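*Asks:* Have a look at this prediction, sequence included:
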Amino acid sequence: MKKFMKNIFALVLAISMLSIGLRADAAPKTPEVFEKKPYEYEFKETSDLYNGFTGAKKMEITFDKNIHAITESDVHVEQLVGSKHVSLPIVKKVTQSGKVLTITFKNLEFIDYMDQEDFKLVIPRGKMYFDQLTDYEFPFKFYDLLPGFESVFVNSNNASLINEKIFKHNEPRNIMIQVPPIYITKIETIHRYKGVVDSDKNAPNLSNIDVIASGDATRLKVKLGSNKQYERDLDRSTAGVNGFSMGQAGIDELTCVDNTPSTDECKEYVLNDDFELTAYSKDGRKLETKNFKMRVNDQLKDYKVSDYIKADTKFFGKPVSLYELMLSTTLLDSIMKEIDVRALNDLGVVYSVNPVATVTTREQFELALSNVNLKKIELQNPLILTNTSAAPFVIDRDVTITGETIIGNVQLGSGKNRIIRLENTTIIGDLTIDVGDKGTAVLDKVTVTGVSAAPHTKVISGGSSSIHLNDFKSVNGIELSNTKPLRIVTTNSPADVLEFHYGAKALVQLEVVSGKADLKLSTGNVMTQSNFFTVLANEKNNVTASTDLTTSGFFKLNEQAVKGD
C-alpha cells in the first residue's frame, strides 16, 4: 500500500512539474487582437550630436505604400507630463523617399525628461495619403533619441568628453543604462521528414515553429531567405502558445552541420538559410529581430528542438546603473552575451546634462526655461521676444540669464517668490519686476531701453532680500508700484543717475551704495504712513528728491554706511 501511494505521489508530482513547464509557454488567455499598423518604425544612429557625443538617433518609418512628401510643420512631438501631453519643438527635419519617412531631431539638450520620459510623434490625419483617417502616433522613450552605450562608452576617444560632459555632473550610480527586454524568449521547432506518413511515401516535409514572446510583441514577421512562400505575418497564437506559432511545408534544403560526420551518418542538420523573426509592438515599433537556423537531428526520427535561445532574461528589460556594470563582471558579461547579436547602441544612456544651457534661438530659450534643472541660461544671439499681444514675455522660475540683447517686453516673475538674476543684458523694451514679497531680483550690468515716454522699468514686488541693481540703467527711470514692503539696493558708477518714480502703496527702503539717485513722486500718488519712503545713502549729496516728497512728512533721507549684500 505504501509503495502504491508513493507511486501515486510521484505521478502527481510529475504531472504538476509538467504543467508548470507547459504554463511557461502557454498563453494565459485568448490574446487581445490589435489591428496591424500600415507601417513599422525604428530608431537608427546618425552623426548628429547630443551633449557632444555623436550617435543621436533618427526615427525611420516604413509605410506599406507610397506616401506624400510632408514638412516639419506637418508633424509634432508630444511629451507626457503628468496627465497632459505637451507639444515640444524638437523636430529638425522630415524627409520622404518612396515608402520611407525619416525624422531627425533637435534641441534635445534642453528637454527635462527625468521621470517623464514618455514621448510620441504625431502625424495628423490625411497627411500621409488621402485615406489616412486617423492621426498616426509613434510612442517612444526619450532615451531612444540619444546616443547609446556604444556611442558614449565604447569609444576610447571619448574619455575627455565623458569627464567633461557626464562625470562632472553625475556620479556613476546616477548614470542609468536602459537594458531593453528580450522580447523573443524561446524558439521551439519540430521537423517531420516526409510529413506524417511512412517514409516510403512521397509527402512534403512538415515543420512547426513556436516562438514564445513577451506580451508586448503583438505581431511577428517571418522570412526564410528570399523565398516568399515561407514568409508569414502573424498575430499572437489563438491555440494556446504564449507567443506565435506557424507551420512550414517543403523545407528540405538541409545540409550537415560543419565539423560533423559525412552526410549518411549525420546526426544534426541545419537549413542553408536563416529564419528571420521580427517582433513588433501594437504601435508598429520594431522591437527585436532574431535570426536562427532550424536544426534537426536523425532523419529517421522526429525531434523537437528548443535550445535556440539561452539568454538569462532576468538581466533585461530594466535599468542598471553604470556603477553596477562596473562592479559586476557577471552582470556585464550576461548582458553582453545577448547584446553581441544585437546593437550595443540599443542600450539607452540616461544622465543629467550640464545645468548651464547655451541658447541661440527663442525656441531654445523657451525650452530651457521650461526645464527647471537648467539653472543658468546663456544667450549667444539677440533674442526676439516680441509677441502679437501686448503682454510681456514672463520669466517665472528661479534662474540666471546672461548675455546679449533681448528685444521685447520682459517680466521677471508673476507675484510668486522667485530668485531671478539678469546679467550683462540689454532689453530693448520694458522690464517689469514682480518676484514676490519674499523674492529677489538681481540685475547686474543691465540696460533697459524702451520706446515710450513712460519709465521703462516697473517694480511691482520684491522682498526684504530685495531688488539689487548693479550698474543698472533704465531709460526714463524706474516706477515703484509695490503693494507690500520693498527693499532696493543700488550700486552704480559715480556718474550714473537712477531716476525713481514713487508710486508705491507700501513701505520702501532704498539703499544707495554708490552712484546717484533722483527721486520723484508719481502723479496721483499720495504719501501716507503706510507707504513711508526711507532712503539710506553713503553720501546724502548723491540723492536728490522732489519737494512733494521731502515735505510730505513720510520721507526720510539718512546718511549712513550702506553696502551691497
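*Replies:* Looks like it came in fine.
*Asks:* From residue 327, how far off is residue 467?
*Replies:* Distance of residue 467 to residue 327, given as Cβ to Cβ, to the nearest Å: 51 Å. Placement of C-beta: from N, CA and C, glycine included.
*Asks:* Just want to know which of these two has more residues nearby.
*Replies:* residue 467 (27 against 13; other Cβ atoms under 10 Å).
*Asks:* Please verify my assumption that that one contacts residue 480.
*Replies:* No. Using Cβ atoms under 8 Å, residue 467 makes no contact with residue 480, being 9.6 Å away.
*Asks:* Now list whatever residues contact both of the two.
*Replies:* 459, 486, 488 (Cβ atoms under 8 Å, 6 or more residues apart in numbering).
*Asks:* where does the stretch 451-565 of the chain have low pLDDT?
*Replies:* Applying pLDDT under 70 to the stretch 451-565 of the chain flags residues 564-565.
*Asks:* So which residues of it form helices?
*Replies:* 547-550 (DSSP state H, counting those that start in this stretch).
*Asks:* Do a quick rundown of the helices in the stretch 151-300 of the chain.
*Replies:* 159-161.
*Asks:* just for it, where's the confidence low?
*Replies:* Where the stretch 151-300 of the chain drops to pLDDT under 70, the residues are 193-203, 252-272, 297-300.
*Asks:* Of the shared contacts of residue 467 and residue 480 - the most surrounded one?
*Replies:* Counting by other Cβ under 10 Å, top hit in the shared contacts of residue 467 and residue 480: residue 459 with 26 neighbours.
*Asks:* For that one, which residues count as its bridge partners?
*Replies:* residue 433, residue 480 (DSSP bridges).
*Asks:* Tell me how far it lies from residue 545.
*Replies:* Remark: distance between residue 459 and residue 545 (Cβ to Cβ) = 18 Å.
*Asks:* What of residue 145?
*Replies:* Counting by Cβ to Cβ, the gap from residue 145 to residue 545 is 59 Å.
*Asks:* and what of residue 498?
*Replies:* For residue 498, the distance to residue 545 - Cβ to Cβ - is 13 Å.
*Asks:* what residues are shared contacts of the two?
*Replies:* With Cβ under 8 Å, 6+ apart, residue 498 and residue 545 have common neighbours residue 518.
*Asks:* related to what we said a few turns ago, quick one: the shared contacts of residue 467 and residue 480 as a markdown table, columns for distance to residue 425 too.
*Replies:* A markdown table is the format used below for those (distance: Cβ to Cβ, whole Å):
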| residue | distance to residue 425 |
| --- | --- |
| 459 | 17 |
| 486 | 22 |
| 488 | 19 |
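*Asks:* Strands along the stretch 51-200 of the chain, start to end?
*Replies:* 53-54, 57-63, 76-81, 84-88, 91-97, 100-105, 118-123, 136-141, 176-179, 184-192 (DSSP state E, counting those that start in this stretch).
*Asks:* what sits against residue 218?
*Replies:* With Cβ under 8 Å, 6+ apart, residue 218 has these contacts: 31, 32, 34, 235, 236, 280, 281, 282.
*Asks:* Which of these are buried? Put it as a PyMOL command.
*Replies:* Here is the PyMOL command that selects only those of the contacts of residue 218 that count as buried (16 or more other Cβ atoms under 10 Å):
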select buried, resi 31+236+280+281+282
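*Asks:* Select from the contacts of residue 218 every entry located in strands.
*Replies:* Among these, the ones falling in strands (DSSP state E) are 235, 280.
*Asks:* ok, so of the contacts of residue 218, who is nearest residue 379?
*Replies:* Closest approach to residue 379 among the contacts of residue 218 (Cβ to Cβ): residue 281, at 41.4 Å.
*Asks:* So what's the residue count around residue 172?
*Replies:* Around residue 172 there are 15 residues (other Cβ under 10 Å).
*Asks:* mind checking pLDDT for the residue nearest the centre of the chain?
*Replies:* For the chain, the residue sitting closest to the mean C-alpha position, by Cα atoms, centre = their mean, is residue 142 at 3.2 Å. We note a pLDDT of 98 for residue 142 in this prediction.
*Asks:* Name all residues that make contact with it.
*Replies:* 79, 108, 111, 113, 117, 119.
*Asks:* Return the member of the residues you listed nearest to residue 204.
*Replies:* residue 119 (48.6 Å).
*Asks:* Does the closest one touch residue 85 like I think?
*Replies:* No. Look at residue 119 against residue 85 with Cβ under 8 Å: they stay out of range, at 9.3 Å.
*Asks:* what's the overlap in contacts for the two?
*Replies:* By Cβ under 8 Å, 6+ apart, the residues touching both residue 119 and residue 85 are 78, 79.
*Asks:* In terms of packing, which of these two has more residues around it?
*Replies:* In this view residue 119 and residue 85 are compared by other Cβ under 10 Å, and residue 119 has more residues nearby, 22 against 15.
*Asks:* Please tell me how far the more buried one sits from residue 362.
*Replies:* 22 Å.
*Asks:* how is this protein carved up into domains?
*Replies:* Domain segmentation of the chain under automatic domain parsing yields 39-146, 184-305, 356-559.
*Asks:* Pick the most deeply packed of the ones you listed.
*Replies:* domain 356-559 (a mean of 18; mean count of other Cβ atoms under 10 Å).
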